[in-house]
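*Asks:* what follows is a predicted protein model with its sequence.
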Amino acid sequence: MTSSFLPRDMRDIDESLLSRFTSGFVASIDRPDFETRRRIVQQKARNLCFQVPDDVSDLLAERIVSDIRQLESALNNLVFKARLLNTHVSTDMAWEVLENFAIENPAPDFESIISFVCRYYGLSDMQLKSRSRKRQIVTARNTAFFLARKHTDLSLKDIGDRLGRRHSTVLKGITNVEREISGQTPLGRQIEKAVSTLSS
């Protein structure tokens, strides 16, 4: 049995039924994360025998976050439109389809930010948290610091703890990002693009 409420929160239900409900295994099913939504899109596309590019799967999974039926419906509309026009799906076509859906854009949590930064810079979670001083990894790490400070309530220490860094390192990284962005350097524009992509 599924329900939007836990057994203890149900009203006007016979006590013996509530007792029976709670005697079994009660599992809470949370919202699917980005990777789960992405896999759902890809699996549904395979069921429809239709090739959907990774960037389109990512777009659908990023823009429809809470309602899997809406996610499936958006994919169905996209596939039907492509078949009707006898063409491949594209991100432009996906954006057109998404205009017909109620898209939520909640503030990202820390895990979403890390997942986004890793995808954007083409890194793994392990690389982002490593001790590497390679320019791309340092830039990605500083971007993660900046976004986490901007979009979450985490303190500098909390952010540092989650990425294996001291709070002074986090502060320095954020300061570097702000300086690059305000100076409109090539690196600053790259970081600004990443920030705007997550916020849009």
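*Replies:* Ah, there it is.
*Asks:* check the gap between the nearest residue to Leu18 once chain neighbours are set aside and Val26 for me.
*Replies:* Spatial nearest neighbour of Leu18, chain neighbours left out: Pro7 (5.4 Å); criterion: CB to CB, 6 or more residues apart in numbering. C-beta: built from backbone N, CA, C; applies to glycine. Distance, Pro7 to Val26, by CB to CB, to the nearest Å: 7 Å.
*Asks:* neighbours of the residue nearest to Leu18, just the number please.
*Replies:* Counted with other CB atoms under 10 Å, the neighbours of Pro7 add up to 17.
*Asks:* where does this structure have low pLDDT?
*Replies:* Within the chain, the stretches with pLDDT under 70 are 4-5, 8-10, 28-31, 102-107, 199-200.
*Asks:* domains for it, by residue range?
*Replies:* 34-98, 110-199 (automatic domain parsing).
*Asks:* pull the distance from the shortest one to the chain's centre.
*Replies:* Yep, that's domain 34-98 we're talking about. Its chain's C-alpha centre lies 16 Å from the corresponding centre of domain 34-98 when counted by CA atoms, centre = their mean, to the nearest Å.
*Asks:* got it, and the longest one?
*Replies:* Between the centre of domain 110-199 and the centre of its host chain there is 16 Å, according to CA atoms, centre = their mean.
*Asks:* where do the helices of this structure begin and end?
*Replies:* Secondary structure of the chain, counting by DSSP state H: helices at 15-23, 34-47, 54-63, 68-85, 91-98, 110-121, 125-129, 135-151, 156-162, 167-182, 186-199.
*Asks:* just say which of the ones you listed is most tucked in.
*Replies:* Sort the helices of the chain by mean neighbour count, taking mean count of other CB atoms under 10 Å, and helix 135-151 sits at the top with a mean of 20.
*Asks:* with distance to Ser3 added, can I get the helices of the chain in CSV?
*Replies:* Output for the helices of the chain, formatted as CSV (distance: least, CB to CB, whole Å):
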stretch, distance to Ser3
helix 15-23, 9
helix 34-47, 21
helix 54-63, 26
helix 68-85, 17
helix 91-98, 30
helix 110-121, 26
helix 125-129, 34
helix 135-151, 32
helix 156-162, 34
helix 167-182, 42
helix 186-199, 34
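*Asks:* nearest to Met1, out of the ones you listed?
*Replies:* Met1 sits nearest to helix 15-23 of all these, at 7.3 Å, using CB to CB.
*Asks:* surely Gln127 and Ile137 touch.
*Replies:* Yes: with contact defined as CB atoms under 8 Å, Gln127 and Ile137 form a contacting pair (5.9 Å).
*Asks:* how about CSV for the domains of the chain, with distance to Leu17 added?
*Replies:* Below are those laid out as CSV (distance: least, CB to CB, whole Å):
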stretch, distance to Leu17
domain 34-98, 28
domain 110-199, 37
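*Asks:* so Ala125 makes contact with Cys118?
*Replies:* In this structure residue 125 is Asp, not Ala. Yes: contact criterion CB under 8 Å: Asp125 and Cys118 qualify, at 5.9 Å.
*Asks:* how close does Asn86 sit to Ile13?
*Replies:* Distance, Asn86 to Ile13, by CB to CB: 53 Å.
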